[in-house]
Every structure is written in C-alpha cells, then in structure tokens.
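Undergrad: For reference, the sequence and a predicted model appear below.
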Amino acid sequence: MPFTIHGLPVSQGIAIGHVHLVSHAMLEVNHYHVAVKYLPEEVERLNEAVATVQGELVGLKAAATAGQSHSEVGAFVDLQLMMLADPMLIDAARHLITERRCNAEWALVQQMELVVEQFEQIEDPYLRERKADVVQVIERIVKVLLGHPGHLPPKRRDGLGTIIVAHDLSPADTIGFRDHNIGGFVTDVGGPTSHTAIVARSLRIPAVVGLHHIRQLVEEDELLIIDGTRGVVIVGPDERIVEEYRLRRSELELERSKLNRLKDTPATTLDGEDVKMLANIEGPKDLNQVKAVNADGVGLYRTEFLFIGRDALPDEDEQYEAYRAVLKSLPGKPVTIRTFDVGADKALNGVGARFEPNPALGLRAIRYSLAEPQMFKTQLRALLRASVHGQLRVMIPMLAHAHEIDQSLQLIAKAKAELDAEGLKYNPRLEIGGMIEVPAAALALGMFIRRLSFLSIGTNDLIQYTLAIDRSDEAVVHLYDPLHPAVLKLIAGTIQAGARFGLPVSVCGEMAGDPAYTLLLLGMGLRNFSMHPGHILEIKQQVLRADLNELAPRVQRILKMDEQAKVRDAVMRLAG
Ligand code: PEP
Ligand code: MG
C-alpha cells in the first residue's frame, strides 16, 4: 500500500525513482541483498578486506617505530587493531551477511553505526571521541572492499532514476550527486537554509528533509516520489499515482519555460528603478545556469566548495583557474567571490576529528581563514592573479570585529607585495567587501563601512545568529523566521546605512530568492538581489510588478511593528 510522509520542502521539483539507502558516513556504500549462493563468497570478501587492513596497520606501526615518531601513532594503530578483533564489529558484520544477506559494506556500516551510538552514550568525553577511530577503521575496510566489488544485483531497467534516502547528508556528500545521476534525495534531519539544501537547489535536484524516520520506513530499491515543492514523499506509489506526478512534473516544466520570456527584460520597477539580479554560484559548473537567465553578474561565489569533500586542498593554480574561468565567462559583469567559508557544516576532510562543542559558533569562515594564514594567503594570491581577467570583487564572510578586516587587509597587502616581487599582475584597486551575517556586525556598521567597499547581507546566518537557531536542525526550524521584527530591523538598518554612506549593499541569503520577501526588501531600499540562478526569473517577475513609491511607506510602517503575526499579515498584503 502506498503511503505519504510530510517533511520540509527544500528544493523544488518532482523526482520519481528507486530508493538507494545510504549512510551519511560513507556515501559510496551500496546497500543490496546478496543472492544466497554468493553468501560464502561475500563473507570471504569481508575476511580478505579485514586481513588487508590488519596488514596495513601492522606496516604502519612498524614504520612509525622505525622512524621513532610519536608513540601516539603506535597507540592509535594498536587501538584500531583491537577494534578489528572486537566481535562487536567484524563478527557481527559477518552475521549480518549470512543471516540478513546484507552485502559486506552495508553490514559493516550498520554495525559501525550501532557501535558509534554506544560510544555516544559514554560520559567521559575522551572515550566518547574514540568513536572516530571506529569510523576510521571501518572506512579503511570499506575502501579495500570498493576495490574488490562483489556480486551486485542486476539493475532495474525501467529508466527511472535513483533517489537517495539518508539520515543526514553533508554538503560535500551532496555535491557528489552531480557525478552519479541522482534524481533527488530525502533525509531524516536538516533545514531549508542548511548548506545541503542550498547545494540541492544548485544541482536542481528535488529534495525533502526533516522526515524523521524515513530511513526506517523504506527499503532498498522501493519506488518513491519526491514532491520537493510541497514537501511530500510518497512511498510505493501505484501506476495511477506515478502518472499523476508525471503530469504535474510536465506542468511545472511548462511554468518554468513561460518565465524564460523574461530572460532579457531588464529588472526595472514600475516607477523606473533598476534592480540588479545577481547569481549565487558554487563554481564554474554553475555558469551555464547563470547565462541561461542572463544574470547581471555573480553576487556570491561560495569558494569553499572547491575545498570540501576532498583530501588535498586546491593549490594556488587550481584556484586561480576556477576564479579566472568564472570571470572570463562573464565579461563586463561584476563577479563577487567570497573567501572560503569552511567550518560548521562545511568541515574540511580530516578537520571533523577536532571536537567542537558548537561548530556554528566555532572556528568557521573568516575565523578559520585567519587561523590558517598560509591557506588564506594562497587563496588571496589566486584571487589577486585572477583579478586582471574581469570585474572581480572579493568578499569576506562572517565578520564581527574590525581587527578581522584589518588582518585580512594586511594579508592582502602581503600577497600583493609577493606578486610584485614575482612580477605577476593584479588589479591594484581590487574592491574588498564584507558579509553582514552576525548581529553584532549589523549593529556596529560604522567600523565595516569605513574599511570596506561594499556589504552583502547573509540572511541565512543573520537569522540563525539573531534568533539562536541552528539553521540545519529541523527540530527548531519552525522558529527560523525571516519576518521576526528583530531580523527585519537588522536588515533594514544595514540597507539604510549603506545608502547613507554610498556603499553598495546586497542580500545574498536565501531570502533574496524567495518571492514572498521581494516586495519587502525592495521597500526597504534593496537594489541588489543575489540568489540561486534558478530563482532569478521568478524574482524578476515580482520586481517588474513593484511600485516603489507606493511600497516604501508601507514597508516603513511594517518596520515599526513588533508583533510577528502583524508583520506577516502586512507583508502578505504588500502583494495584494
Ligand atoms: C548566508 O549566511 O546568508 C550566506 C549567504 O552564506 P552561507 O549560506 O554560505 O552561510
Ligand atoms: Mg553565511
């Protein structure tokens, strides 16, 4: 019997396909049932992989002892060897293969999750963190198994795509979908402005999150429909429901193609004000979409996506090539590149091992960059070198203190001096701007305005930090409210201060791409909207219908309201 589950819609569109269950720790792990006749072979496959890893660990220990490196290496290898011998781990996985016909990778990951859960119950923080060793040792075995594939079940030939079902997915996992022809994804946890959701929108794959127990409710290969516009997931639909959704999908495509007529229309309000429609991108791969809607430029290039989900960091040349590619393909248009905003949910590989009591309040964005000055300077050099290829502007994320800008400007000066000495060219007048996404910055704008050439409001974080709500936690997502009077005051105050001091201000958080807020932001005085290119035409349609003379006084009245319900009503009436 088909059944329906409701969650949070985070990426529009309809996907119809077969379930592929994944564990967030190792996306590449296949889950399938092994045919009975192959079960002994599957156990042997596991045994051999375990033996290979044992050999690797023993070799590692011998090398560490010979090189007289730290005794910690030996201790950590011993711990992992002990884990391999623990019946809770490998024996239990063998049991899952023979009893439940799980493939070896799936059996290992299931068992790993169980053991990790037990570690999480431990009170002693040191012992609790040993769960990282369990994960590492299992990862080693899985890597070996991936090099020796087993007997995968034959693929379905009904032409439908794959739908990923996971407890949670990191932004790095999600980027990987690009190369795997994934039709959509659903998760137990997550919020609409999490970076995973942002990546889903950028890849244009429908997604629904915050479904709580979907992983337990579906089976590998089961048929699933995702309605990423309404936040609905249908498990096991019959042919009639599938047809209905195919029809709905065609209707949505038709609506989108109608909007295409606005592609070359300038975004001008009824009373003649020009509004800039800028795009948010994650790399050169998004350029086709930017051009397809004829965006006025790039308002936010999230460069951290060059850094996450890989073992080695991109060097200066690799970064330079990526930045140059974007600048070259948008001649005459501004391209705002944000320095890497790693940390929190965009952790670098290997960095997750550091225990952070509260990652969103920890070492992320500019804080991380300044803590790793070499890595930061490499990026600044790449940006400076790329600056001769177009209208580059560089933007620094998550500023809260003047000294963060001062230190960044010093590093930029140092990078310029190096390039001078090496005879490499750059634009000496390169503009440096900053993101306003911490309430402290929005309340003390003077020090930012004095030092920077432009500002961009990151509403995703500004809302998260103003209302103390983790943007990726579905348990508090109902409290994440862009229309909270405090949030509106901070946004409006920043836009007005920019206008007073002649500093361009944009909004590049998800609010800029949501048609529910376009008139409100226009009425506050915003003239630069930066959003996922997929939203540009819809927002342009709103701009074309707006009369600012009429909107501005109404929005001023909204800004004086201090009851959320009244604000909501008044904002809805702006469109009426
Ligand atoms: C924001 O916080 O609004 C923003 C645009 O930055 P990010 O979503 O990458 O944190
Ligand atoms: Mg942000």
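TA: Yes, it's here. Ligands and ions are numbered 1, 2, ... in the order given.

Undergrad: use CA for all of it now, contacts and neighbours both
TA: Will do.

Undergrad: so where's the stretch 251-400 of the chain shaky on pLDDT?
TA: Applying pLDDT under 70 to the stretch 251-400 of the chain flags the ranges 350-355.

Undergrad: quick one, helices of it?
TA: Remark: helices assigned in the stretch 251-400 of the chain by DSSP state H, counting those that start in this stretch are 287-292, 316-329, 366-371, 373-386.

Undergrad: again, but for the stretch 1-150 of the chain
TA: For the stretch 1-150 of the chain, helices defined by DSSP H, counting those that start in this stretch occupy the ranges 39-66, 71-85, 90-100, 104-120, 125-128, 131-146.

Undergrad: mean confidence for the longest one?
TA: Helix 39-66 comes out with an average pLDDT of 88.

Undergrad: which helices and strands sit right next to that helix?
TA: Judged by 3 or more CA pairs under 8 Å, 6 or more residues apart in numbering; DSSP states H and E, helix 39-66 is in contact with helix 71-85, helix 90-100, helix 104-120, helix 131-146.

Undergrad: Over to the last one?
TA: Contacting helix 131-146 under the criterion 3+ CA pairs under 8 Å, 6+ apart are the following elements: helix 39-66, helix 71-85, helix 104-120.

Undergrad: Equivalent analysis for the fourth one, please.
TA: Under the contact criterion of 3+ CA pairs under 8 Å, 6+ apart, the helices and strands touching helix 104-120 comprise helix 39-66, helix 90-100, helix 125-128, helix 131-146.

Undergrad: Quick check: closest non-adjacent residue to whichever residue of the stretch 251-400 of the chain sits closest to ligand 1.
TA: Of all residues in the stretch 251-400 of the chain, Arg302 sits closest to ligand 1, at 6.3 Å by CA to the nearest ligand atom. Nearest in space to Arg302, with sequence neighbours left out and distances taken as CA to CA, 6 or more residues apart in numbering, is Glu282 at 5.0 Å.

Undergrad: Name the residues of the stretch 451-576 of the chain found near ligand 1, please.
TA: Where the stretch 451-576 of the chain comes near ligand 1, counting by CA under 6 Å from any ligand atom, the residues are 458-461, 508-509.

Undergrad: for this protein, longest strand please?
TA: strand 14-22 (DSSP state E).

Undergrad: relative to helix 104-120, how tilted is that one?
TA: Taking axes from the mean of the first three to the mean of the last three CA atoms, to 10 degrees, one finds that strand 14-22 is oriented at 80 degrees with respect to helix 104-120.

Undergrad: which residues are contacting strand 14-22?
TA: Under the criterion CA atoms under 8 Å, 6 or more residues apart in numbering, residues 28-31, 160-166, 183-184, 205-206, 215, 218-229, 242, 245, 248-249 lie in contact with strand 14-22.

Undergrad: Could you show which parts of this protein are in contact with ligand 1?
TA: By the rule CA under 6 Å from any ligand atom, the part of the chain lying against ligand 1 is 437, 458-461, 508-509.

Undergrad: thinking again about what came up before, run the chain-centre distance for the longest strand of the chain.
TA: Computed by CA atoms, centre = their mean, to the nearest Å, the chain-centroid distance of strand 14-22 equals 20 Å.

Undergrad: Neighbouring strands - and their directions - for it?
TA: Partners of strand 14-22 in the sheet, by DSSP bridges, are strand 161-166 (parallel), strand 223-227 (antiparallel).

Undergrad: Let me know the pLDDT of Leu27.
TA: Leu27 carries a pLDDT value of 48.

Undergrad: show me where pLDDT drops low in the stretch 401-550 of the chain?
TA: Under the criterion pLDDT under 70, no range of the stretch 401-550 of the chain is flagged.

Undergrad: ranges for the strands of it?
TA: Taking DSSP state E, counting those that start in this stretch as the criterion, the stretch 401-550 of the chain carries its strands at 431-436, 454-457, 505-507, 528-531.

Undergrad: So in that sheet, which strands flank the second one, and in what orientation?
TA: What it means is strand 454-457. Using DSSP bridges, strand 454-457 pairs in its sheet with strand 431-436 (parallel), strand 505-507 (parallel).

Undergrad: Reformat the ones you listed as a markdown table; add distance to Asp420 and mean neighbour count.
TA: Putting the strands paired with strand 454-457 into a markdown table (distance: least, CA to CA, whole Å; neighbours: other CA atoms under 10 Å) gives the following:
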| stretch | distance to Asp420 | mean neighbour count |
| --- | --- | --- |
| strand 431-436 | 18 | 25 |
| strand 505-507 | 32 | 27 |
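
Undergrad: In TSV, list the ones you listed along with distance to Val275.
TA: As requested, those are exported to TSV (distance: least, CA to CA, whole Å):
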stretch	distance to Val275
strand 431-436	20
strand 505-507	11
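
Undergrad: quick revisit: now, which of the residues of the stretch 451-576 of the chain next to ligand 1 sits nearest Glu321?
TA: Nearest to Glu321, judged by CA to CA, of these is Cys508 at 24.2 Å.

Undergrad: My guess is the closest one contacts Tyr301. True?
TA: No. Contact between Cys508 and Tyr301 fails when scored by CA atoms under 8 Å: they sit 10.1 Å apart.

Undergrad: Residues that sit against both of the two, list them.
TA: Contact criterion CA under 8 Å, 6+ apart; residues shared by Cys508 and Tyr301: Asn280.

Undergrad: Leaving out sequence neighbours, find the closest residue to Gln379.
TA: Take Gln379 and drop its neighbours on the chain: the residue closest to it by CA to CA, 6+ apart is Glu316, 6.4 Å away.

Undergrad: contacting residues around the one you found?
TA: Per CA under 8 Å, 6+ apart, neighbours of Glu316: 378-379, 381-382.

Undergrad: Could you dump these into JSON lines and include distance to Ala415?
TA: Shown next, in JSON lines, are the contacts of Glu316 (distance: CA to CA, whole Å):
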{"residue": "Thr378", "distance to Ala415": "8"}
{"residue": "Gln379", "distance to Ala415": "9"}
{"residue": "Arg381", "distance to Ala415": "6"}
{"residue": "Ala382", "distance to Ala415": "9"}
